[in-house]
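**Student:** Here is my input; please provide its structure:
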Amino acid sequence: MKTLTFLILSSLIAAVAVSAEVQVTFEEPEKFRDIDYGDGNTRRGIKVHIPILEKHIIKSGKRFLKEGQTLSMTVTDVDLAGDYEPWLSIDFSDIRIVKGIYPPRISFSFELKDAEGNVLKSGEENLVDMNFQYRMRVRIHDELFYDKEMITDWMRKITKDLK
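**Tutor:** Numbering: from 1, shown residues only. Coordinates of the predicted model:
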């Protein structure tokens with residue numbers, strides 16, 4: 001019985017050890033171009049939007065990376081899709097208006113390594129999705145839908161040709 005338990009635990013530990021790993025750092029988010037959450041509230045935007053983006057990056061990475069691969073990202077700037085237009089009316093000061101002139105943007109550096117620690121890809125990215133409004137929106141109530149889709153597309157692209 002002890003041997004069987006040991007074998008099961010060993011296989012679980014081995015499975016965890018080879019799974020993909022994603023590490024995300026948001027460098028000086030208070031200086032990001034647009035992470036606000038209405039009325040220029042950067043602190044609240046950081047508290048609300050950063051965890052959502054971080055969770056999505058980790059989830060997408062684990063979806064597209066192969067076993068044992070590690071992705072490290074340092075996000076240096078975010079400009080969320082849409083913007084606040086408080087001049088429309090005081091009632092609109094906390095509503096993000098999504099128009100083609102406010103595309104999602106994200107800047108970051110990254111390093112993708114294989115299980116042995118060899119660098120497969122690395123670099124700096126400045127993603128902008130100028131065609132974001134042409135995406136078929138499946139999740140209607142997802143406030144960061146366009147931003148997340150841009151990140152998912154990038155993950156799909158960088159992992160597509162890896163073995």
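**Student:** check contacts around residue 100.
**Tutor:** Applying C-beta atoms under 8 Å, 6 or more residues apart in numbering, we find residue 100 in contact with 130, 133. C-beta here means a position set from N, CA and C on the backbone, and glycine is covered the same way.
**Student:** Kindly recompute the last result at 6 Å.
**Tutor:** Residues in contact with residue 100 (C-beta atoms under 6 Å, 6 or more residues apart in numbering) are residue 133.
**Student:** Give me the phi and psi for it.
**Tutor:** When read as degrees, to the nearest 10, the backbone of residue 100 gives phi -60, psi -20.
**Student:** Distance of it relative to residue 134?
**Tutor:** To residue 134, residue 100 is 9 Å away according to C-beta to C-beta, to the nearest Å.
**Student:** And residue 35, by the same measure?
**Tutor:** Using C-beta to C-beta, residue 35 is found at 24 Å from residue 134.
**Student:** Looking at these two, which is more packed in?
**Tutor:** residue 35 (24 against 8; other C-beta atoms under 10 Å).
**Student:** Give me the nearest residue to that one, chain neighbours excluded.
**Tutor:** Distances taken as C-beta to C-beta, 6 or more residues apart in numbering place residue 45 nearest to residue 35, at 4.3 Å, with adjacent residues excluded.
**Student:** now residue 68
**Tutor:** If you skip the residues right next to it in sequence, residue 68 has residue 115 as its closest partner in space, 2.8 Å away by C-beta to C-beta, 6+ apart.
**Student:** quick one: secondary structure of that neighbour?
**Tutor:** coil (DSSP: H, G, I helix; E, B strand; the rest coil).
**Student:** Find me the pLDDT at it, would you?
**Tutor:** Confidence at residue 115, expressed as pLDDT, is 94.
**Student:** What is the neighbour count of it?
**Tutor:** Residues lying near residue 115 (other C-beta under 10 Å) number 13.
**Student:** Pretty sure it sits against residue 67.
**Tutor:** No. Residue 115 is beyond contact range of residue 67, at 7.2 Å (criterion: C-beta atoms under 6 Å).
**Student:** quick one, strands of the protein?
**Tutor:** Using DSSP state E, the strands of the chain run over residues 21-26, 70-79, 83-84, 96-97, 105-113, 119-128.
**Student:** Export those strands as JSON lines, with columns for mean neighbour count.
**Tutor:** Conversion of the strands of the chain to JSON lines gives the following (neighbours: other C-beta atoms under 10 Å):
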{"stretch": "strand 21-26", "mean neighbour count": "17"}
{"stretch": "strand 70-79", "mean neighbour count": "20"}
{"stretch": "strand 83-84", "mean neighbour count": "18"}
{"stretch": "strand 96-97", "mean neighbour count": "15"}
{"stretch": "strand 105-113", "mean neighbour count": "19"}
{"stretch": "strand 119-128", "mean neighbour count": "12"}
